[in-house]
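Asker: generate a structure from the sequence data that follows.
(one chain, ligands or ions: 1)
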Amino acid sequence: MKLNKEQLLDMFSKMVLIRQFETRVKKSFADGDIPGFIHLSAGQEAIAVGCITNLREDDYIVSHHRGHGHLIAKGGNINFMMAELYGKKTGYCKGKGGSMHLADMDINMLGAHGIVGSTVTISTGAGLSAKLRKSGQVTLCFLGDGASNTGRFHEGINLAAIWDLPIVIIIENNFYAEATSIFYSTRLKKLSDRAIAYGIPGETIDSNDVLEIYEKVGKAIDRARKGKGPSLIEIQTYRHFGHEEGDTETYKKKSEIEAWLKKEPIELLKRRLIKDGILTEKEAERINQKMKNEVEEAVKFAKESPYPEPEETLEDVYA
Ligand SMILES: Cc1ncc(C[n+]2csc(CCOP(=O)(O)OP(=O)(O)O)c2C)c(N)n1
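Answerer: Now for the predicted structure:
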């Protein structure tokens, strides 16, 4: 589907919002305002926005521990997100879940999940439900390169394949699982080759180009919606920061970081839109400032919100 000017600017704005949100979260964490663990996805914004822009409002997404971008791209509320990260009662999980458990059932965002690889089996469940209800909904499943080495990835993808479930599985290959390089943990050159073992289509996208991602993932989504079953797509990318906040990143080479910064996804899209006469430097700066202001509002909302009461610890417990 060809994107119009408004849609292209919306994609750019969403990518900028994700970056501004995470830049601010990094600072708040360093200031000691945010408890728990924070995994930032700065550098990977093209995947969240490129994939999710293809979805219908009632489609599902299942996200992992590096999931702020997915929720923002699906239309999540950044005030509730920030409040959750700050551990406040107004947050998405009433301040009891934090970054790795953000969920919004109103927009069919079935949660971020800290158990590596679990997104595949959860997506299989969502896909089976959609198929049985004949709802036409597609589920987008996100996972990392390390997660594609887990048992649940293989179980989930096999069931999705034999049942022709309407799922698209996206491996965000940022080349590291914590500090372990993917070149150490698998012999495969292309992670999408894993699809061959399950008899489903597999494709590798080796760029941070949001428009290429949009187009290629869009085809897999159409295929799923038509009842033709799941696909596996590997998208190569790079996380700008450490595995989690506090990681000193001694395992990354300087030359590698510099090479990937040249393929920075927001800059790539900005240059493309300016070249095509859709955006100007001035307008890009205005969008950047607007998103920064929205994030500051979210921080204010989070800071001014109350903490949950101690007795609320025992509420919303199901097991
Ligand atoms: C089942 C399980 N094993 C181990 C961990 C600890 N852990 C958290 S994140 C992570 C690395 C995940 O790497 P990858 O899937 O490549 O995602 P990325 O962090 O690169 O986005 C590990 C091993 C976990 N959360 N769950």
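
Asker: tell me the helix or strand right after the least confident helix or strand in the chain by mean pLDDT.
Answerer: For the chain, the helix or strand with the lowest mean confidence is helix 254-261, at a mean of 94 (criterion: mean pLDDT, DSSP states H and E). Next helix or strand after helix 254-261 toward the C-terminus (DSSP states H and E): helix 265-275.

Asker: buried ones in the first helix or strand past that next one going along the chain?
Answerer: Once helix 265-275 ends, the next helix or strand along the chain (criterion: DSSP H and E) is helix 281-304. Across helix 281-304, burial judged by 16 or more other Cβ atoms under 10 Å covers 284, 287-288, 291-292, 295, 298-299, 301-302. Quick note: C-beta positions are derived from backbone N, CA and C, even for glycine.

Asker: run through the bridge partners of the residue in the chain that the ligand sits nearest to.
Answerer: Closest approach between the chain and the ligand, counting by Cβ to the nearest ligand atom: residue 144, at 2.2 Å. Under DSSP bridges, the beta-bridge partners of residue 144 are residue 172.

Asker: specify the angle between the least confident helix or strand of the chain and helix 265-275 in degrees.
Answerer: Helix 254-261 and helix 265-275 are oriented at 40 degrees to each other (axes from the mean of the first three to the mean of the last three Cα atoms, to 10 degrees).

Asker: and the buried residues of helix 281-304 as CSV, adding pLDDT and distance to the ligand?
Answerer: Formatted as CSV, these follow (pLDDT from 0 to 100; distance: Cβ to the nearest ligand atom, whole Å):
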residue, pLDDT, distance to the ligand
284, 98, 28
287, 98, 27
288, 98, 25
291, 98, 23
292, 98, 25
295, 98, 22
298, 98, 23
299, 98, 25
301, 98, 28
302, 98, 24
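
Asker: need the contact partners of stretch 182-198.
Answerer: 145-146, 148-149, 157-158, 160-161, 171, 173, 175-177, 201-204, 231-234 (Cβ atoms under 8 Å, 6 or more residues apart in numbering).

Asker: any of those residues buried? List them.
Answerer: Buried by 16+ other Cβ under 10 Å: 145-146, 148-149, 157-158, 160-161, 171, 173, 175-177, 201-204, 231-234, out of those.

Asker: need the nearest residue in space to residue 10, chain neighbours excluded.
Answerer: residue 53 (8.0 Å; Cβ to Cβ, 6 or more residues apart in numbering).

Asker: I'd like the next helix or strand past the lengthiest helix in the chain.
Answerer: Selection of the longest helix in the chain by residue count, based on DSSP state H, yields helix 5-30. Later in the chain than helix 5-30, the nearest helix or strand by DSSP H and E is helix 45-52.

Asker: what's the neighbour count on the nearest residue to residue 54 once chain neighbours are set aside?
Answerer: For residue 54, ignoring the flanking residues on the chain, the nearest one in space by Cβ to Cβ, 6+ apart is residue 218 at 4.4 Å. Neighbour count for residue 218, taken as other Cβ atoms under 10 Å: 17.

Asker: which parts of the stretch 201-319 of the chain sit against the ligand?
Answerer: Taking Cβ under 6 Å from any ligand atom, the part of the stretch 201-319 of the chain that reaches the ligand is made up of residue 243.

Asker: low-confidence regions, the stretch 201-319 of the chain specifically.
Answerer: Applying pLDDT under 70 to the stretch 201-319 of the chain flags no residue at all.

Asker: now do the contacts for the residue most central in space within the chain.
Answerer: Nearest residue to the geometric centre of the chain (Cα atoms, centre = their mean): residue 70, 3.5 Å. By Cβ under 8 Å, 6+ apart, residue 70 lies in contact with 48, 52, 61, 63, 109, 112, 142.

Asker: again, but for residue 232
Answerer: Residue 232 is in contact with 157, 169, 171, 192, 194-195, 198, 200-203, counting by Cβ under 8 Å, 6+ apart.
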